[in-house]
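Colleague: Got a sequence here, can you build the structure:
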Amino acid sequence: MKFRDQKITWVAISIVCFITGLLLYPFCSRVEKNSYDLRTRLAGKLHAPPPATHIVVVAIDEKSILAKKPFVFWYPDIGRFCSIMGQMGAASVGIDLIPIHSLEQKLGPEYLGADISGFGTNGFADMGKTLDQLLMSGLIEGGKSSHIVQGVAGSTVPFYYDFLAFMGNVTPALLSLEADEDSIVRNQPGSYENDVPAFPAELIRTPGRQISFPKVLPINFRLLPGIPVLDFEEILAGKTDPALIKNKIVILGLLSPFDDVHETPIGVRPGMLIHATSIETLLSGQTVTYCSKTISLILIAFLCVISFPLTTYSSPIRSILSLAALTSVYVIIDYLFFESGFVIPLFPNAVIPIIMFCISYPYRYVVEDRGRRKLYQAFGYYVSPEVIDRLIVSDADHLLKGERHNACVMFLDIRDFTSLSEKYPAESIVAMLNVFFEKVTEIIQNRGGFVNKFIGDGVLAFFTSGIDYVDHAIEASLEICELTDEINSSGLLRQHIEEDVLNIGIGLHAGSVILGNIGSKRKMDFTVIGRTVNAASRIESLTKQYSRAVLVSADVKSMSSHSCVFEPLGMAEVKGIPGGVEIFGIQQ
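Modeller: Next up is the predicted model:
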């Protein structure tokens, strides 16, 4: 019945913890994203990313380019670059630049005035037209061998946008990057409004490639440091090995510390590198997969169930340490899955053990540990809490009401104590007993015994925990005899009883006993009772008659595997045990 109640409590508290975890989900979204970023950075530090095999970025360094000539005068070079990419065998070429202005218009009479621009075929307008044509012809030429993707940004489009439909294998795509609510880019959409393709999605759309861009792609930013970045001017100068370009997707973009930069899990990065990382994520197969909501809920339920016993069956400190260990194991497993590309929520899952502790411990303190605290109060002066915990079989309330145990009972008595108490002052006798009983108690507890009570000059103790509890009782008895001899020879008690010495008798008997809280409403005492207790007391009273410090019953001998020598002393009449009891002396 009690076990059934414990199962019900386990289920009930686990359900409460599970519901609490679900309620925390919306509030943990930001924390979970931050932990995702932290795991990404940690993985990048622990493991160098492999070199990218599908993508190359070509950077136009804003500082060096603009120092030589204005950007618009680089139009022919961009066109020539596209032609070179086609010749080198690039699979696709993405232009992460938007040539907004037509030089023919910029240098025409509308902007410069008729007087300045009226130079016929050698005028500024004709020169601008030539530059525009060199750019567009380079795009068309490159498109003959490679798929050219021209980036656009909403209404910001290149001046030749209306002609793209007539430029062969040159198509537009949206350069936009969507950040989460914390302004950090973690995902790449495959398309935007009106099914306008995203820049990376359009770049992978080449003949013969059977892979399609998903609706939303979680970007594996651990791959970003492995993407090669080549110099634009070196390519124009013919200093680049064509093998670095052949069959790869190439993105051309402007490298600027201020323009087109975005927050990512690994810091601020240029948009062209983010696009490149999206492509490498997909084509390399090193994608990031988030576990389903169902798996996450199962994990929360599992953590709730496994956390409950860790908070219920041990002390608070041990519970905290156990729960911390469980949380650590979960975090490590979570990270190992993360490294493989499978993202398991860290929050609120990792705090489920803490939630369980906060829920179960108040319940445990108020309800379940009430009887345990009573037991500590009744028995804790003589026995450590750890020993009491071993004594409790089912629960403390049940033990306090009465419970049968198999035990080895020890009775210890100081011989001729009456003459000592009459010979010396009360203060000396009490001090002597305190010194002696303190050392006796320590020996009994060290052997896993329970000092139940001090009866005048005697001690009632019992051993019941562990498999070898009878051997523990024998070992404690022999140690107490050695202690007594040592005290007598060292003169430890001389200040209390002068030249007198202590002589003790110990009786051991094993059998069934009853443990429980006995007394009245005004006075309760946790104690041990039964025929085994009475027999141990009677056996101790025979020690003086047989001139032995320790006497044990035949039951103790039969249950013992101790190496001591059992000396048979025959049958002895013991009050309360019909037919008497066979007794033995013991020696080391």
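Colleague: For the rest of this, base every contact and every neighbour count on C-alpha atoms.
Modeller: OK.
Colleague: how about the strands of the stretch 301-450 of the chain, start to end?
Modeller: 342-343, 403-414, 450-455 (DSSP state E, counting those that start in this stretch).
Colleague: Let me know which of those is tucked in deepest.
Modeller: strand 403-414 (a mean of 22; mean count of other CA atoms under 10 Å).
Colleague: what comes into contact with that one?
Modeller: Defining contact as CA atoms under 8 Å, 6 or more residues apart in numbering, one finds that strand 403-414 is touched by 457-464, 469-470, 473, 502-516, 532-533, 536-537, 540, 556.
Colleague: before we move on, what about stretch 241-259?
Modeller: Residues outside stretch 241-259 that contact it (CA under 8 Å, 6+ apart): 53-63, 85, 88-97, 203-204, 270, 272, 276.
Colleague: Go through those and flag which are in helices.
Modeller: 62-63, 85, 88, 203, 272, 276 (DSSP state H).
Colleague: Same list, the residues you listed, but as a markdown table with pLDDT, neighbour count and distance to Gly585 please.
Modeller: Formatted as a markdown table, these follow (pLDDT from 0 to 100; neighbours: other CA atoms under 10 Å; distance: CA to CA, whole Å):
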| residue | pLDDT | neighbour count | distance to Gly585 |
| --- | --- | --- | --- |
| Glu62 | 81 | 15 | 100 |
| Lys63 | 80 | 12 | 101 |
| Met85 | 94 | 26 | 102 |
| Met88 | 95 | 21 | 102 |
| Leu203 | 94 | 27 | 95 |
| Met272 | 96 | 26 | 92 |
| Ala276 | 97 | 27 | 89 |
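Colleague: Adding distance to Val552, write those out as CSV.
Modeller: Listed next are the ones in helices among the contacts of stretch 241-259 as CSV, based on distance: CA to CA, whole Å:
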residue, distance to Val552
Glu62, 97
Lys63, 98
Met85, 100
Met88, 99
Leu203, 92
Met272, 89
Ala276, 85
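Colleague: what's the distance between Ile352 and Ser278?
Modeller: Going from Ile352 to Ser278 by CA to CA, to the nearest Å gives 34 Å.
Colleague: More neighbours: which of those two?
Modeller: Between Ile352 and Ser278, counted using other CA atoms under 10 Å, Ser278 has the larger neighbour count: 28 against 24.
Colleague: where does the protein dip in pLDDT?
Modeller: For the chain, applying pLDDT under 70 flags the ranges 1-6, 107-124, 207-208, 210, 313-314, 364-402, 521, 524, 588.
Colleague: the domain parsing of it - what is it?
Modeller: The chain resolves into domains spanning 2-36+291-368, 54-72+88-101+144-287, 384-587 when parsed by automatic domain parsing.
Colleague: re the thing from before, the strands of the stretch 301-450 of the chain into JSON lines, with extra columns for distance to Pro568?
Modeller: Converted to JSON lines, those look like this (distance: least, CA to CA, whole Å):
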{"stretch": "strand 342-343", "distance to Pro568": "72"}
{"stretch": "strand 403-414", "distance to Pro568": "19"}
{"stretch": "strand 450-455", "distance to Pro568": "28"}
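Colleague: Which one, of those strands, ends up nearest to Asp126?
Modeller: Ranking the strands of the stretch 301-450 of the chain by proximity to Asp126 (CA to CA) places strand 342-343 first, at 57.8 Å.
Colleague: Mind naming the longest strand for this structure?
Modeller: Longest strand in the chain by number of residues (criterion: DSSP state E): strand 504-519.
Colleague: now that one, how far from the centre of its chain.
Modeller: When distances are taken as CA atoms, centre = their mean, to the nearest Å, strand 504-519 is centred 47 Å away from the chain's centroid.
Colleague: So which other helices or strands are in contact with that strand?
Modeller: In this structure, strand 504-519 packs against helix 396-401, strand 403-414, helix 469-490, strand 524-529, helix 531-541, strand 550-553, helix 554-559, with contacts taken as 3 or more CA pairs under 8 Å, 6 or more residues apart in numbering; DSSP states H and E.
Colleague: how about 6 Å then?
Modeller: helix 396-401, strand 403-414, strand 524-529, helix 531-541, strand 550-553, helix 554-559 (3 or more CA pairs under 6 Å, 6 or more residues apart in numbering; DSSP states H and E).
Colleague: Can you tell me which of those is most buried?
Modeller: Mean neighbours per residue, mean count of other CA under 10 Å, is largest over the helices and strands packed on strand 504-519 for strand 550-553, with a mean of 26.
Colleague: Output it as PDB, nothing but the C-alphas.
Modeller: C-alpha atoms of strand 550-553 as PDB (Å, rounded to 0.1, in the frame of the first residue of the first chain):
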ATOM      1  CA  VAL A 550      31.600 -11.200  26.500                       C
ATOM      2  CA  LEU A 551      29.000 -13.900  26.200                       C
ATOM      3  CA  VAL A 552      27.000 -14.600  23.100                       C
ATOM      4  CA  SER A 553      24.100 -17.000  22.400                       C
END
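Colleague: So which elements touch it?
Modeller: Strand 550-553 packs on strand 504-519, strand 577-587, going by 3+ CA pairs under 6 Å, 6+ apart.
Colleague: Deepest in the core, which of the ones you listed is it.
Modeller: Mean neighbours per residue, mean count of other CA under 10 Å, is largest over those for strand 504-519, with a mean of 22.
Colleague: Other residues contacting it?
Modeller: The contact list for strand 504-519, computed with CA atoms under 6 Å, 6 or more residues apart in numbering, reads 399-415, 524-530, 532, 536, 539-540, 543, 549-553, 555-556.
Colleague: Now do that strand against helix 531-541, angle only.
Modeller: 150 degrees (axes from the mean of the first three to the mean of the last three CA atoms, to 10 degrees).
Colleague: Could I get the helices and strands packed on strand 550-553 in TSV, plus columns for distance to Leu492?
Modeller: Formatted as TSV, the helices and strands packed on strand 550-553 follow (distance: least, CA to CA, whole Å):
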stretch	distance to Leu492
strand 504-519	16
strand 577-587	25
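Colleague: Nearest approach to Leu297 belongs to which of these?
Modeller: Set against Leu297 and scored by CA to CA, these come closest in strand 504-519, at 44.8 Å.
Colleague: Could you tell me which strands sit next to that closest one in the sheet, and their orientation?
Modeller: strand 403-414 (antiparallel), strand 524-529 (antiparallel), strand 550-553 (parallel) (DSSP bridges).
Colleague: got a list of contacts for the second one?
Modeller: Around strand 524-529, the neighbours that count as contacts under CA under 6 Å, 6+ apart are 378, 513-519.
Colleague: tilt between that strand and strand 450-455?
Modeller: Taking the same axes, to 10 degrees, strand 524-529 and strand 450-455 form an angle of 100 degrees between their directions.
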